[in-house]
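Participant: Okay, here's the prediction I keep looking at, along with the sequence it came from:
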Amino acid sequence: MNAPLPTELQTDSLRQLVREGYAKIAQETSAACCSPGVSCCGSAPQDADKLARELGYTVEELKALPEGANMGLSCGNPAALAALKPGEVVLDLGSGGGFDVFIAGRKVGATGRAIGVDMTPEMLGKARRNIAGYRKETGLENVEFRLGEIEHLPVADHSVDAIISNCVINLSPDKAQVWREMARALKPGGRVAVSDMALVKPLPPEVLKIVEALVGCVAGAVLVSKTGQMVREAGLTDIVLKVKSDYIDAMLNFEDPLYKKIIELLPVGAKTSDYITSLEVQALKPKGECCGNDCCES
């Protein structure tokens, strides 16, 4: 039996809770880590660059970032997963301080464009302030950040080549709508590369009550199989789901306070990775698909 859909009031309340949580992160984080007591998506390691390297980001990519862009909010490396090419338009859902957008901008080059969307004004301001440093370092004028909700993306139909997202979709109270929006925005033949949190099996009710778990992308996580179902129902194909439980082990190595709290609430002998995993999602929009009343070019 499916769980009832959240009411509009519940949806707004959840969205406001997430917005407030990430506004606090934007205001209180330094260039390298989340502030004490703030639990991000993937949490608050003392060395955000070390976490990013464990997720596959190169030393060169991290050194080239504007100061403060990496806040330790990642749970994967979607820009690498997307295999971005020069000249492409890439859209990052929940772009935060601009971490993946600035990396993507270098990959798509002067003839491409990297667009970040975030619903938190404080994060958007942080990212926009970072543009000057990116421009000075690269000489590129190919990144921008737009205020908006990922359930209602501020981009035209079939206008982007690739969509990436790093540990954000689980924050949405309407994840199926996010996947539909991604399908709408993609060009025919376009692709999705997402890193997110997912559940191997349902979390105990006690964990779901922790407010930090929601802001930390855990309480909002859904089963891996449910994610695949939403991607298919959005009309995307060639779906690949890859479970990455080693990410959870890395969080425990960083002694992340959220994951330590979750362990305390699990049954005796259970591990966090028995319930929670990082998930890579790849999918394609079929070529030649018709969009509305007009057929898109393949």
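Facilitator: Looks like it arrived, so ask away.

Participant: so residue 122 sits in a helix?
Facilitator: Yes: using DSSP: H, G, I helix; E, B strand; the rest coil, the assignment for residue 122 is a helix.

Participant: Please tell me how far it sits from residue 199.
Facilitator: Distance of residue 122 to residue 199, computed by Cβ to Cβ, to the nearest Å: 29 Å. Placement of C-beta: from N, CA and C, glycine included.

Participant: Same check on residue 190?
Facilitator: Where residue 199 is concerned, residue 190 sits at a distance of 28 Å (Cβ to Cβ).

Participant: Just want to know which of these two has more residues nearby.
Facilitator: A direct count of neighbours by other Cβ atoms under 10 Å for residue 190 and residue 199 places residue 190 higher, at 27 against 19.

Participant: Next up, the contacts around that one.
Facilitator: Going by Cβ atoms under 8 Å, 6 or more residues apart in numbering, residue 190 touches 158, 160-163, 284-285.

Participant: Might one say that residue 184 is in contact with residue 157?
Facilitator: Yes: the criterion here is Cβ atoms under 8 Å, and residue 184 meets it with residue 157 at 5.6 Å.

Participant: So those two - more neighbours on which side?
Facilitator: Counted by other Cβ under 10 Å, residue 184 and residue 157 do not tie: residue 184 has more neighbours, with 18 against 12.

Participant: Assign a three-state SS to residue 86, would you?
Facilitator: Secondary structure assignment for residue 86 (three-state DSSP): coil.

Participant: Can you give me the distance of it to residue 174?
Facilitator: From residue 86 to residue 174 the distance is 34 Å (Cβ to Cβ).

Participant: neighbour-wise, which of these two wins?
Facilitator: Between residue 86 and residue 174, counting by other Cβ under 10 Å, residue 174 is the more crowded of the two (18 against 11).

Participant: Tell me, what's the model's pLDDT at the residue lying closest to the more buried one once chain neighbours are set aside?
Facilitator: Nearest residue to residue 174, sequence neighbours excluded (Cβ to Cβ, 6 or more residues apart in numbering): residue 151, at 5.3 Å. We have a pLDDT of 94 for residue 151.

Participant: And for residue 56?
Facilitator: pLDDT recorded at residue 56 is 71.

Participant: cool, and residue 19?
Facilitator: pLDDT for residue 19: 61.

Participant: cool, and residue 162?
Facilitator: Reported pLDDT for residue 162: 98.

Participant: Mind giving me the ChimeraX select for the contacts of residue 190, buried ones only?
Facilitator: In ChimeraX syntax, the buried subset of the contacts of residue 190 is picked out as below (16 or more other Cβ atoms under 10 Å):
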select :158,160,161,162,163,284,285
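
Participant: Just put the contacts of residue 190 in a markdown table and tack on distance to residue 218 and secondary structure.
Facilitator: As requested, the contacts of residue 190 are exported to a markdown table (distance: Cβ to Cβ, whole Å; DSSP: H, G, I helix; E, B strand; the rest coil):
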| residue | distance to residue 218 | secondary structure |
| --- | --- | --- |
| 158 | 34 | coil |
| 160 | 29 | strand |
| 161 | 31 | strand |
| 162 | 27 | strand |
| 163 | 23 | strand |
| 284 | 29 | strand |
| 285 | 29 | coil |
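
Participant: Could you export the contacts of residue 190 as a markdown table, including distance to residue 273?
Facilitator: Formatted as a markdown table, the contacts of residue 190 follow (distance: Cβ to Cβ, whole Å):
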| residue | distance to residue 273 |
| --- | --- |
| 158 | 38 |
| 160 | 33 |
| 161 | 34 |
| 162 | 29 |
| 163 | 27 |
| 284 | 29 |
| 285 | 32 |
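
Participant: any idea where the strands of this structure begin and end?
Facilitator: Using DSSP state E, the strands of the chain run over 89-93, 113-118, 143-147, 160-166, 186-199, 237-244, 276-284, 290-291, 294-295.

Participant: Let me see the contact set for the nearest residue to residue 156 once chain neighbours are set aside.
Facilitator: Residue nearest to residue 156 in three dimensions, not counting chain neighbours: residue 185, with 7.6 Å by Cβ to Cβ, 6+ apart. The contact partners of residue 185, taken as Cβ under 8 Å, 6+ apart, are 91, 153, 155-160, 163.

Participant: what pLDDT does residue 204 get?
Facilitator: pLDDT, residue 204: 85.

Participant: Hmm, it is touching residue 262, no?
Facilitator: No: using Cβ under 8 Å, residue 204 is not in contact with residue 262; the gap is 9.0 Å.
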